[in-house]
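> Sequence and predicted model, in that order:
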Amino acid sequence: MRRSQLFVFVGLVSVAVLSVVGCGAKGGDGDQKKAELDPGKLVPFEDKTIGFSILRPEKLNFSVSNNTAVLEAKGFPKITVTLHKTQELSTGSGGSGGMGRYKFTVWVPARKLVCRFEAGGKQFTIAKQICQSLKNTKDAPKKVSVKFEAPKITGKLTDGDGFAKALKALEPKIVECWKKAVASDAKFPQGHLNFMLEYKDDGSVKLSNISRTFNYKAHMPLTSCVQKLVLTVKPKSDGGEIKLGWYLRFKLY
């Protein structure tokens with residue numbers, strides 16, 4: 001075979017190989033584009049099982065199992081929303097992520113919702129928008145209770161133990177005041193009442209100071225209910241004034 005003919009043959013083979021490789025690469029890009037699903041319009045959606053709302057793409061399937069909700073469809077990254085029970089009583093939200101991963105968290109008293117996914121490119125932007133729309137729609141079950149610290153009693157009393165026992169006997173009634181306040185007002189927050197009282201020789205109140213940390217304007221139904229009960233108990237002085245300090249913490253969870 002002549003040298004010129006050999007060069008032509010090799011050149012034709014090279015062109016053929018490049019054509020095959022090029023077609024293969026082009027076909028791969030096409031497959032990749034087909035694999036990426038357009039999730040469709042984002043529609044407001046609420047799940048009442050776990051208790052949250054989110055923007056749900058029309059083309060994504062939804063399921064719930066073991067406190068975890070899943071949004072998924074072939075060609076789109078799986079998004080999960082998981083409920084965690086906590087001891088925290090604060091409220092807020094925030095997101096974090098990197099390297100194609102993202103997490104958005106919403107927390108309320110005793111509950112935390114976490115939305116997660118892994119994605120890239122345009123799908124990352126869409127999935128992030130979905131997670132950031134997450135909102136809590138259910139309150140944790142309330143366990144109404146009151147923590148009573150031991151009363152601090154100073155001064156001379158004819159029956160100090162009797163006065164302390166009389167205050168102790170008020171506890172169930174104070175708990176009922178708290179339950180009634182929460183039942184009639186679902187927005188009533190946790191907080192405390194701190195009684196600082198000074199009594200005259202005859203047992204009547206000389207000075208009364210009640211500090212509160214409810215940060216709630218509508219606290220009076222509870223405050224007045226508890227105050228009336230505490231003032232029904234009068235110490236018997238053995239000479240001189242008597243002081244009472246009593247701290248009560250009102251809890252919801």
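Yes, it's here. Numbering: from 1, shown residues only.

> Just grab the bridge partners of residue 94 for me.
Residues in a beta bridge with residue 94, per DSSP bridges, are residue 105.

> Residue 132 and residue 105 touch, don't they?
No - the criterion here is CB atoms under 8 Å, and residue 132 misses it with residue 105 at 10.7 Å. Backbone N, C-alpha and C define where each C-beta goes, glycine included.

> Overlap of the contact sets of the two?
residue 95 (CB atoms under 8 Å, 6 or more residues apart in numbering).

> can you count the residues close to the nearest residue to residue 186 once chain neighbours are set aside?
Closest residue to residue 186 apart from its sequence neighbours, by CB to CB, 6 or more residues apart in numbering: residue 139 at 8.0 Å. Look at residue 139: counted by other CB atoms under 10 Å, it has 14 neighbours.

> May I have the residues that are in contact with residue 139?
Counting by CB under 8 Å, 6+ apart, residue 139 touches 108, 109, 111, 186.

> now the last one: how far from residue 135?
Computed with CB to CB, to the nearest Å, the distance linking residue 186 and residue 135 is 18 Å.

> what about the two, which has more around it?
Comparing residue 186 with residue 135 by other CB under 10 Å, the one with more neighbours is residue 135, at 14 against 8.

> Let's verify the closest residue to that one other than its chain neighbours: helix, strand, or coil?
For residue 135, ignoring the flanking residues on the chain, the nearest one in space by CB to CB, 6+ apart is residue 53 at 4.9 Å. Counting by DSSP: H, G, I helix; E, B strand; the rest coil, the backbone at residue 53 sits in strand.

> That's all I had, so thanks and see you.
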